[in-house]
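# output the structure for:
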Amino acid sequence: MRTLFANIAILCTVVSIAMVFTATPTQAKAKTKTFVYISNAEDGDIDGYVMDGASGRLTSLGKTAAGRLVMPMTLSPDKRFLYAAVRSKPFTINSYAIDPATGALKLAAKTPPLADNKVHLSTDATGRYMFSASIAGHNIGVSTLSATGLAETAPFQVIPFSDRAHCILADHSNRFVYAINFGDAKINQYHFNADNGRLTPNDPESIGVGSGPRLMTLSPDNKFLYLLDQVSGYVTQFAIDPTKGTLTKVGDTPSVPAELGLAPGIMKANGGEAISTFEDEGGVPHIWASDIQITPNGRFLYTTERRSNRILLLSLARGTGKPTYIANFETEKQPRAIRIDPSGKYLVASGEKSDRVSVYRIGRTDGRLSLVDRFPGGKGANWVEIVNVP
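Residues are numbered from 1 along each chain as shown. All right, here's what the predicted structure looks like:
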């Protein structure tokens, strides 16, 4: 009898363990939450949303005060903090703690007033350092993040640029860093020391590009870097040397089709300020490209064009990574920013001259966008970040 009860007990234990292991993936999946954050420059705040993973629909979390001309933003690698730069005086970078249960933001730290405002922020893979680019200051910088992940200090290394730094990011190996020198139309290349956070020039130190390089993104496999040119709308593909970290140009692909009736833009100085204007001449509107994003599976690439209010879709060839233009989709007015959620199912778009935010479902096989819905947003929406929190 004792043997019978012992066998029953063992059987119950095995069943219980099996149930635990069977339930764990489902439970873990159910607990994962997706939060969307959009900075509104004119309102001086950040909109927060919860995204429903099944439908893509957004539910508002409300607004978090930041400061006028808030943008850009980036996330900490551990997804615990959202960083946002304030581009009105006093120039600061704010650190917001993300509540993993609700997605609510809470101001956790603020840097002392900075010497110049920042047009782009990113971090290294360890979460110990923050990179920044300044158009007005003509420089890039590296600053230390605190042991808890907060941005509390000014950059300890500042590298002057000849004309308008615009974007800075580390490659996926965390050994190399690339920065756009907008006015001189080149990408500067650096070695990155993750032990002390310092940048040193690579060899060669820079590579020439297009006419108005704006933003970059990396392929998920770290083999290629893609650059969006603001005034031509071209996407330039570069191969990354895995040992040296240097870039080699592969080719240019137009992302703005002729059917939109746009001419290449013209860069012009604007009263000595570190910005450019893109004026229409002869009644023909000029290209004014803005953002560039890649799906997590590396199959599709999207750019935005602000004159025509379009999102442009390009496919990326397997193996070679070569972009090919596929289609374009009308979206919010003056779309400065788009972002793809970590699952690769949805794309979120905001418009600087729109009070709505659009969510699109991404076609799994063809990358085409279908509108989920439009949701209330803020004024001057200009940057989107999406995070999955378990």
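
# only C-alpha atoms for contact and neighbour calcs from this point on.
Noted.

# how much space separates the nearest residue to Pro242 once chain neighbours are set aside from Asp163?
Distances taken as C-alpha to C-alpha, 6 or more residues apart in numbering place Lys223 nearest to Pro242, at 7.5 Å, with adjacent residues excluded. Look at Lys223 and Asp163: by C-alpha to C-alpha, to the nearest Å, they are 28 Å apart.

# these two touch, right, the residue nearest to Pro242 and Gln237?
No - judged on C-alpha atoms under 8 Å, Lys223 makes no contact with Gln237 at a distance of 10.2 Å.

# higher neighbour count, the two?
Gln237 (23 against 18; other C-alpha atoms under 10 Å).

# partner residues bridging the more buried one?
Bridge pairing for Gln237 (DSSP bridges) gives the partners Tyr226, Gly251.

# buried set for stretch 207-215?
Within stretch 207-215, the residues scored as buried using 16 or more other C-alpha atoms under 10 Å are Ile207, Val209, Gly210, Ser211, Gly212, Pro213, Arg214, Leu215.

# could you point out the helix or strand that follows the lowest-mean-pLDDT helix or strand in the chain?
One helix or strand of the chain scores below all others by mean pLDDT, DSSP states H and E: strand 273-277, with a mean of 41. Under the assignment DSSP states H and E, the closest C-terminal helix or strand after strand 273-277 is strand 289-294.

# could you give the mean pLDDT of that next one?
For strand 289-294, mean pLDDT is 98.

# who's in contact with that strand?
With contacts defined as C-alpha atoms under 8 Å, 6 or more residues apart in numbering, strand 289-294 is touched by 214-219, 227-233, 300-306, 335-340.

# can you give me the helices for the chain?
Taking DSSP state H as the test, the helices found in the chain are 2-31.

# flag the shaky bits of it, pLDDT-wise.
1-30, 268-281 (pLDDT under 70).

# so it: which segments form each domain?
61-208, 209-257+289-390 (automatic domain parsing).

# which of these sits closest to Ile266?
Each of these has some distance to Ile266 by C-alpha to C-alpha; the shortest is domain 209-257+289-390, at 6.5 Å.

# next one: the closest one to chain centre, how far?
Distance of domain 209-257+289-390 from its chain centroid, counting by C-alpha atoms, centre = their mean, to the nearest Å, is 9 Å.

# Arg318 - how many residues pack around it?
A count of nearby residues for Arg318, using other C-alpha under 10 Å, gives 10.

# now it: closest residue in space that isn't a chain neighbour?
Arg318's closest residue in space is Arg299 (C-alpha to C-alpha, 6+ apart), at 7.4 Å.

# from Tyr325, how far off is that neighbour?
Remark: distance between Arg299 and Tyr325 (C-alpha to C-alpha) = 12 Å.

# can you work out which residues contact both of the two?
Contacts common to Arg299 and Tyr325, judged by C-alpha under 8 Å, 6+ apart, are Ser315.

# can you give me the strands in the stretch 151-300 of the chain?
Counting by DSSP state E, counting those that start in this stretch, the stretch 151-300 of the chain has strands at residues 157-160, 165-170, 176-181, 186-192, 199-208, 213-218, 224-229, 234-240, 247-254, 268-270, 273-277, 289-294, 300-305.

# what sits against Gly67?
Taking C-alpha under 8 Å, 6+ apart, one finds Ala41, Gly44, Asp45, Val86, Ser88 in contact with Gly67.

# list just the nearest of those to Ser132.
Nearest member of those to Ser132, counting by C-alpha to C-alpha, is Val86, at 12.5 Å.

# partners of that closest one in the sheet?
On the basis of DSSP bridges, Val86 is bridged to Val70, Thr92.

# does it touch Ile46 like I think?
No - Val86 is beyond contact range of Ile46, at 11.3 Å (criterion: C-alpha under 8 Å).
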